[in-house]
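Participant: The following comprises the amino acid sequence and a computationally predicted model.
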Amino acid sequence: MDTVMLSSPFDPENSNLYGSVFETNTSDFTYRLASLNALYNGNLLQPVSLLNASMDSWGNVKIPDYAIAATANGANSSGWINFQPTDDIPYSSLIGLPVILPSSAGAGNTTFALESSYFSLSCENLSVVADTNEFINCTAIESQNVFSNDTFYGLSNRSTWSLCLDGFYDPRIWDVRGHVSAFGNDSNFVYPARTLLFQSSQPSIDYAIGLCSVTTEYVESAVFCVGAPSNNCSVTAVRLSTQPHPAPNLTDLSFSQAFSEFILSITESHITSPSPPVNGVSLSELFITNPITVGLPGPAGAAWDGLTASLFGLRLQQLLNTYWIGSFGVEGIIDKLAFYPPANRLNTTATNVVWQDTYVVHWQWLTLLVIGSLLMFAAALISLYLSRETHAPEVLGYLSTLIINSPYVRDGREVGSTMSGEDRARKFAKLPLKICDVQPHADIGYIAIAQDDGSTERRGLDPDRVYR
């Protein structure tokens, strides 16, 4: 099966929007940025059912957040965190990774392992302040050639929220390697942890400051896909990747080239006009405070009170990963890799199980069934034979009720008509009766129930004689 090659140092076509490929191509950058902003804001407005679904709107597989899942569920001896269908799974992003299932996946179930990475935020502090005087100052990135640690750097923008980082790694590292994925299991450099600063300024509501450590989480996901007709995929288990990877503290945002363009783009993703926007709140801030009410009519602001630091971190992380994954190519997200040639994809081994109905024979029950069927068949044959050999009509009910008015039963007339059939049958249990021809000398016989008294006027039925 195929899955997208999101970042490869050997294939520049799979670089994201903030890689070196597009730095000098302004028209291409502008065109793709518009598509990316549409994809990003559309995901912020999607129904809650899709926010919590295992796949995004285009059928891409969403990756759970390992740290939160480990706290809630715990890992087994192999490091796997298993999920149940009823679990409320926290996902690392609002959009998933596109995959192409094998043609045989149309029937049965398909399972495979998926290696991926995402930005992971651990937020210890979220504060609501009175005004911007309490904000932390951020030094403009564009005015610096050398970056100092413990100094927050950011960009001036036209949005109500901003992101800053407390230092960057030596840009020469980025120039040599090109991508974080090219660092491999690097031990030649020390990468200190970086802290992301979030600040929201909404004069109509309140002001918020959030501090989060940012790392790269490398995970392996076990994916289970149900075939036709649903073709539904979900991650059933996740664990930390066992493959060689760069240090977790090394993130793509830790390089000033990638950070500056990415942060400016995501914070202004809701602005469609070159003129300064009207004072208001962005969809990103509304999503962080309450994903359920994004886009609903109401006050132009987001209430930060009551929002925990951990929940704030998860939602901000989802926004960053959504925008970052989308920047690799909106086309690959919405058409599940059809835009990319096979050479730009990564292959992985999948197991496809096609279910077929299998019938098991229990010989004991089968023997009883055959015997019972033979007995019923024999009974039917006997009944058919007897019905053909019986020439008299069938009489239903108590025979004793037929002898009251019969002129051919002498003793029966001695009993009153109020006696029940059961009592009469008991009283005349030994009275001999027979169905016979009571007019044997006539041209047409007459069938009746008569007392068997040995009279010659009582003859048996002849199949060659006509009766009435």
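Facilitator: The structure has been received and is ready for your questions. Numbering: from 1, shown residues only.
Participant: What are the phi and psi values at the most centrally placed residue in the chain?
Facilitator: Closest to where the C-alpha atoms of the chain average out (C-alpha atoms, centre = their mean) is Ser54, at 5.5 Å. Main-chain torsions, Ser54, degrees, to the nearest 10: phi -80, psi -10.
Participant: could you dump the helix or strand containing Leu314 to PDB, C-alpha only?
Facilitator: Taking DSSP states H and E as the definition, Leu314 sits inside helix 309-326. Presented in PDB, the C-alpha positions along helix 309-326 are these (Å, rounded to 0.1, in the frame of the first residue of the first chain):
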ATOM      1  CA  ALA A 309      -3.400  24.700  30.400                       C
ATOM      2  CA  SER A 310      -3.400  21.100  29.100                       C
ATOM      3  CA  LEU A 311      -6.500  21.500  27.100                       C
ATOM      4  CA  PHE A 312      -5.200  24.800  25.700                       C
ATOM      5  CA  GLY A 313      -2.000  23.000  24.700                       C
ATOM      6  CA  LEU A 314      -3.800  20.200  22.900                       C
ATOM      7  CA  ARG A 315      -5.900  22.600  20.800                       C
ATOM      8  CA  LEU A 316      -3.000  24.900  20.000                       C
ATOM      9  CA  GLN A 317      -1.000  21.800  19.000                       C
ATOM     10  CA  GLN A 318      -3.900  20.600  16.700                       C
ATOM     11  CA  LEU A 319      -3.800  24.000  15.000                       C
ATOM     12  CA  LEU A 320      -0.100  24.000  14.400                       C
ATOM     13  CA  ASN A 321      -0.100  20.400  13.100                       C
ATOM     14  CA  THR A 322      -3.100  21.000  10.900                       C
ATOM     15  CA  TYR A 323      -1.400  24.000   9.200                       C
ATOM     16  CA  TRP A 324       1.900  22.300   9.000                       C
ATOM     17  CA  ILE A 325       0.600  19.000   7.400                       C
ATOM     18  CA  GLY A 326      -1.500  21.100   5.000                       C
END
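Participant: about what we covered before: which non-adjacent residue is nearest the residue nearest to the centre of the chain?
Facilitator: Leaving aside its sequence neighbours, Ser54 sits nearest to Ser234 (C-beta to C-beta, 6 or more residues apart in numbering; 3.4 Å). Backbone N, C-alpha and C define where each C-beta goes, glycine included.
Participant: Ramachandran coordinates for Gly210?
Facilitator: phi -130, psi 140.
Participant: and what of Thr110?
Facilitator: Residue torsions, per degrees, to the nearest 10, at Thr110 are phi -130, psi 130.
Participant: thought it was touching Ile100?
Facilitator: No - using C-beta atoms under 8 Å, Thr110 is not in contact with Ile100; the gap is 11.2 Å.
Participant: if you count what's nearby, which of the two comes out ahead?
Facilitator: Just comparing Thr110 and Ile100: by other C-beta atoms under 10 Å the higher neighbour count belongs to Thr110, 24 against 17.
Participant: Tell me how far the more buried one lies from Ser387.
Facilitator: In this view, Thr110 and Ser387 are 62 Å apart by C-beta to C-beta, to the nearest Å.
Participant: Pull the contacting residues for Gly108.
Facilitator: Gly227, Asn352, Val353, Val354, Trp355 (C-beta atoms under 8 Å, 6 or more residues apart in numbering).
Participant: Leaving out the residues flanking it, which one is nearest to it?
Facilitator: Val354 (3.5 Å).
Participant: got a pLDDT number for the one you found?
Facilitator: As predicted, Val354 sits at a pLDDT of 80.
Participant: ok, it - how many residues close by?
Facilitator: By other C-beta under 10 Å, neighbour count at Val354 equals 12.
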